[in-house]
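A.B. asks: Sequence and predicted structure below; questions after.
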Amino acid sequence: MNFKSLPQLLDYFKEESTCIEYYEHIRWNGDPACPHCGGLNPYKTKRGYRCSEKECRKDFTVKVGTIFENSKIPLRTWFAAIFLATNHKKGISSVQLASDLGITQKSAWHVLHRIREMLREKAPKMIGDTNMVEIDEAYIGGKEGNKHYKKQRSNENPNLKNDGTPYQPKKMVVGLVERGGDIIVKHVKRATNEEILPLLDNHIAEGSEVHTDESNVYHKVGRTFTHKTVVHSASQYVVGNCHTNTIENFWSQLKRGINGIYHHVSEKHLERYLDEYANRYNTRNLTSQERFEYFLEQSESVLPYKNLVN
Ligand SMILES: [Zn+2]
C-alpha cells in the first residue's frame, strides 16, 4: 500500500473491511488485545472479537477505546479526514472538511474535535541536546478591524466589547524551537520570568545554547543556559549564528492558521490548537503517508468517549 494524495488513499481504502484490517495492524500489529481487561487471546467473531478471559468475555472491535469508538462515520471517511487535517499546514475548518468529504458540518466538527485529541502532546518533550534553541513570545487573537462591530473592543469602556460582554485581551504564547528539530508551544498568563523560566527548565536540555531577542523576560536565561540575543528594537536580526527566524516563521504560520481558519480561539481550547500546530510542524519532514500513520498510531483515546463529545 502506498499513497501520496487523497484520491490514492480513498482508492486504497474502498472497503470498510480493508480499513479495519489496516487499522488492526496499526493498533495491534497482529496481536489483538481486549480493551476492557487487556486479555491477549480473544476469539474472532462475526463482528469483531470476544475476550477469552473468564472474568471478562466481552465483545469488542478495533475501534473500542479509540477516537473512532461509537462513531457512525465509516473509517474510510475518518482516514480521509485525518489525512486532510494533518497535511494542511494551516489546518482545516469544519466547513471545509464537511464540503471536502460530503458530511454535515456538525459531523465534521466532531471529527476534527477528536482528531485534535489525537494530536495532543502526550509526553513532555526535551529539546536542545545538540542544536541551538530559539525562544520567542507571540500574542494570539483576531485583529480588531476584522471583527464584527459588536465583537470589537468598546471605545467607551475598554474592559467591554460593543455588545457589553467582557473584552478578552490577546493571549500570550511562548515557543521553544530547536533549530532543525522540534517545537514546543505553551500558553502563559503573562510575560514574566516566573512564568517563562520553569518552561525552559522543563523542556530544554542543560547546557543548551539559547537565542532570544532583547526582551526583559529573558534576562535570567543566562543563569542556566548559554544565552545570545539579537536586538530587534535596533533592527538587528542576525548576529553570527544568532537569530530567532525559525520561531518567527512558525508564528506567522500559526497566526495565519488561527486567524484565517478558526477566527477565534477560546482560552479553554488554546492549548489544543497549539499542540495541533506544533505536532504538524514536528512531523514536517515525514511524507504524507508516514505522517498519516504516525498520527493513526496515536488514535487510542486518552479521554473516555463522553469527555470527547462534551
Ligand atoms: Zn477482556
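C.D. replies: Nice, thanks for sending it over. Numbering: from 1, shown residues only.
A.B. asks: Helices of the stretch 51-200 of the chain, start to end?
C.D. replies: Assigned by DSSP state H, counting those that start in this stretch, the stretch 51-200 of the chain shows helices spanning 75-87, 94-101, 105-118, 193-203.
A.B. asks: out of the ones you listed, nearest to the ion?
C.D. replies: Closest approach to the ion among those (CB to the ion): helix 75-87, 22.7 Å. Quick note: C-beta positions are derived from backbone N, CA and C, even for glycine.
A.B. asks: Report the distance from the closest one to the chain centre.
C.D. replies: 15 Å (CA atoms, centre = their mean, to the nearest Å).
A.B. asks: pretty sure residue 32 is in contact with residue 39, am I right?
C.D. replies: No - using CB atoms under 8 Å, residue 32 is not in contact with residue 39; the gap is 9.5 Å.
A.B. asks: Now do the contacts for residue 116.
C.D. replies: By CB atoms under 8 Å, 6 or more residues apart in numbering, the contact set of residue 116 is 272-273, 275-276.
A.B. asks: any idea how far residue 280 is from it?
C.D. replies: Going from residue 116 to residue 280 by CB to CB, to the nearest Å gives 11 Å.
A.B. asks: Could you do residue 286 as well?
C.D. replies: Remark: distance between residue 286 and residue 280 (CB to CB) = 10 Å.
A.B. asks: And those two? Which one has more around it.
C.D. replies: residue 280 (23 against 14; other CB atoms under 10 Å).
A.B. asks: coming back round to it: could you single out the most deeply buried of the helices of the stretch 51-200 of the chain?
C.D. replies: helix 75-87 (a mean of 21; mean count of other CB atoms under 10 Å).
A.B. asks: before we move on, the earlier item: kindly indicate the member of the contacts of residue 116 with the most neighbours.
C.D. replies: Busiest of the contacts of residue 116 [other CB under 10 Å] is residue 276, holding 27 neighbours.
A.B. asks: and it, that one's in a helix?
C.D. replies: Yes - the assignment for residue 276 is a helix, going by DSSP: H, G, I helix; E, B strand; the rest coil.
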